[in-house]
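Chemist: heads up, no residue letters with this:
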Ligand SMILES: *Cc1c(COP(=O)(O)O)cnc(C)c1O
């Protein structure tokens, strides 16, 4: 079948929950993707912040192959070596104390919510606790995660949500304080908002949230699913501010392509929340996924991936700032490290499609923001190549 035939077949068989771009991808190599007709694309999406190490990073495939040859799944009722090693390394990378592996980001959020509710239940013996989340946040599509997602459009048709969720404004500490009461069990936010428009939480805001939590025995949950794993130049974005969460979620780049996530907590929360029988998952943390996590964390360590991000990200910022200067319809740049957005005064769909036709894969975050979440291994020359194609796409669509 040719590309159009595959697309037609897909639209016939797959549930239409995505408006997909009109390409069928076949394979990747470094920071490039190839479609089934052999066209090459510079990849500035990385499977949405998943392929931090690009495609076929040295040693990664070999590790997975070796694990496939041993065993890919056992059960969480038995121990396995990759899970033991992955947990130890993830603790070292995050500074957290206890790890629960999941299959996805949303599942990590579900676990974090359950841990917070159980903590509060043990604290005061009641059950109707509240969680404060942020407007414009995104935490996933399952019911718990959707309930704390601060975008009514995503939730509307699926009401009722899990209940007792309150929304405050990011970087507006007064709006958070107003919602705190004796029933509050957790404050949940992305350290840098992703889908909601590449908005970082200010250091001062994080500090004030932290002390609000400490004063009221409220748990701080930081969602690092998109902004974590080195993307901001720190292994986890909160590490820049020094404001440590009580519970943290991670996924996306954690396995660099193998579906895996995790929620982690401090020893204090671990000892006073979920206990044997309270939570589980069949696949979560299976040997294949954990072999990937373990190898990814080794590579981050040995090849100083976060150092590379800190080195190359300012160049991307400089180039994006130049676009903001040049075009009055580009209003601002937002984000941190290799998690950047350009806010347009108009929809960006045409720019994305034009760029794709010229060999650049790029994505939006909301209708009017272009999002840049490339593999963390990009070099300056790739940024130049991206800017070159993007500029052509912007010129073409602006004059159309
Ligand atoms: C992608 C994302 C999620 C959901 O992760 P899934 O693996 O798609 O379930 C949750 N939170 C944030 C910040 C995300 O970017």
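Modeler: Right, received. Where do you want to start? Since the model is a prediction, treat every value here as computed from it, not as a measurement.
Chemist: what residues does stretch 330-344 touch?
Modeler: Stretch 330-344 has contacts (CB atoms under 8 Å, 6 or more residues apart in numbering) with 49, 192, 194, 197-200, 226-227, 231-234, 237, 309-310, 312-313, 316-317, 320-321, 323-324, 329, 345, 351, 365, 368-374, 376, 378, 394. Bear in mind the C-beta positions are built from the backbone N, C-alpha and C, glycine included.
Chemist: Point out where this protein drops to low pLDDT.
Modeler: Scanning the chain for pLDDT under 70 picks out the ranges 400.
Chemist: Which residue does the chain have closest to the ligand?
Modeler: Ranking the residues of the chain by distance to the ligand (CB to the nearest ligand atom) places residue 105 first, at 2.2 Å.
Chemist: show me the contacts for that residue.
Modeler: Going by CB under 8 Å, 6+ apart, residue 105 touches 139, 140, 145, 223, 225, 249, 251, 252, 261.
Chemist: if you skip the residues just before and after it, what's nearest to the last one?
Modeler: Computed as CB to CB, 6 or more residues apart in numbering, the closest residue to residue 261 that is not its neighbour in sequence is residue 251, at 3.1 Å.
Chemist: distance of the one you found from residue 329?
Modeler: As judged by CB to CB, to the nearest Å, residue 251 and residue 329 stand 34 Å apart.
Chemist: ok, those two, which is more surrounded?
Modeler: The residue with more neighbours, out of residue 251 and residue 329, is residue 251; 28 against 10, by other CB atoms under 10 Å.
Chemist: Name the residue closest to the centre of the chain, please.
Modeler: residue 226 (1.7 Å; CA atoms, centre = their mean).
Chemist: Who are the contact partners of that one?
Modeler: With the criterion set at CB under 8 Å, 6+ apart, residue 226 makes contact with 48, 49, 190, 192, 194, 195, 252, 339, 373.
Chemist: Return only those of those found close to the ligand.
Modeler: Near the ligand, judged by CB under 6 Å from any ligand atom, the entries from the contacts of residue 226 are 190, 194, 195, 252.
Chemist: Reformat those residues as a markdown table; add distance to residue 68, secondary structure and neighbour count.
Modeler: Output for these, formatted as a markdown table (distance: CB to CB, whole Å; DSSP: H, G, I helix; E, B strand; the rest coil; neighbours: other CB atoms under 10 Å):
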| residue | distance to residue 68 | secondary structure | neighbour count |
| --- | --- | --- | --- |
| 190 | 34 | strand | 28 |
| 194 | 31 | coil | 24 |
| 195 | 33 | coil | 21 |
| 252 | 22 | helix | 28 |
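Chemist: Hmm, residue 267 is touching residue 95, no?
Modeler: No: Residue 267 is not in contact with residue 95 according to CB atoms under 8 Å; the separation is 11.5 Å.
Chemist: more crowded one of those two?
Modeler: residue 95 (15 against 10).
Chemist: Start from the N-terminal end of the stretch 101-250 of the chain and give the strands.
Modeler: 130-134, 165-168, 184-190, 219-223, 247-250 (DSSP state E, counting those that start in this stretch).
Chemist: Report all helices and strands that the last one contacts.
Modeler: Using 3 or more CB pairs under 8 Å, 6 or more residues apart in numbering; DSSP states H and E, the elements in contact with strand 247-250 are helix 81-94, helix 105-124, strand 219-223, strand 261-265.
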